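**Q** could you work out the structure for the sequence below:
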Amino acid sequence: METGRIRNFCIIAHIDHGKSTLADRLLEYTGTISQREMMDQVLDSMDLEREKGITIKSHPIQMHYQGYTLNLIDTPGHVDFSYEVSRAIAACEGALLVVDASQGIQAQTLANLYLALEQDLEIIPVLNKIDLPAARPDEVRDQVVELLGCKPEEVIYASAKEGIGIEAILQAIVERVPPPADKKSEPLRALIFDSQFDAYRGAIAYVRVKEGELRPGMRIRLMATAAEYTVEEVGIFRLKREPTDSIPCG
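**A** Residues are numbered from 1 along each chain as shown. This is a model prediction of the structure:
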């Protein structure tokens, strides 16, 4: 896959403004999961997340849409998990800013937006829950326009629950989020944005390859600690981890 057809983006919002539901709808629309496989908030796979109904970890997943590869990282909206948000944002070039059309811009909306702007991400504003009786889409759109300095027509009206506006969101990702820089010929450099420990496999790092290519058998060094490791396996995130021969830049 050429880097020009890759889009890396995250979803940021205040808690309960519909991020995970929107992520589910994007997965369904792109055929990443079938309706038979669909369960509420597919990306919220941790037991605690299902119990609380909130996103804690940043879940990456790869989708394909009209010949493009879309890499999505779903981020927490809760104020206690801002570190996870900042790591996810650093791995992306764009962000869907989801705002509840009945509640408007909230404190964590602003906090997460500022994190994204610090990383110079392309912001795509989405007004979610426009189907609610209490929705004030035009009023909230004006708030968003004033905050971002964007054009009113750049704000997408949507309802993740009802599947409204999903096509427009995907088109905006393809058209407005810039592709990653093509640095395949450079030495390997990658960003670890999350990790987990597997009792059978050991440490599993979630990485965004910025330059070069990551392959099994390579010796890598973690720059923060100078510790060195051998890469046992690499792969991509679909619904489950899928092994691949290598991870190119992008």
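**Q** what's the pLDDT at the nearest residue to Arg208 once chain neighbours are set aside?
**A** Nearest residue to Arg208 in three dimensions, chain neighbours excluded: Ala91, at 3.9 Å (CB to CB, 6 or more residues apart in numbering). All C-beta spots, glycine's among them, are computed from the backbone N, C-alpha and C. In this prediction, Ala91 carries a pLDDT score of 90.
**Q** these two touch, right, Ala91 and Val85?
**A** No: under the criterion of CB atoms under 8 Å, Ala91 makes no contact with Val85, lying 11.3 Å away.
**Q** could you list the low-confidence segments of this structure?
**A** 1, 17, 34-59, 74-82, 84, 239 (pLDDT under 70).
**Q** tell me which stretches of it form helices.
**A** According to DSSP state H, the chain carries its helices in the segments 19-29, 47-52, 82-90, 107-118, 137-148, 166-176.
**Q** for those, which one sits closest to Thr3?
**A** Among the helices of the chain, the nearest to Thr3 by CB to CB is helix 166-176 (14.1 Å).
**Q** now the angle from that closest one to helix 19-29?
**A** 90 degrees (axes from the mean of the first three to the mean of the last three CA atoms, to 10 degrees).
**Q** residues in contact with helix 166-176: which ones?
**A** Contact with helix 166-176 is made by 7, 9, 22, 25-26, 29-30, 65-66, 68, 70, 94, 96, 122, 124, 126, 156, 158, 160, as judged by CB atoms under 8 Å, 6 or more residues apart in numbering.
**Q** of these, just the buried ones, ChimeraX syntax please.
**A** The following ChimeraX line selects those of the contacts of helix 166-176 that are buried, judged by 16 or more other CB atoms under 10 Å:
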select :7,9,22,25,26,30,65,68,70,94,96,122,124,126,156,158,160
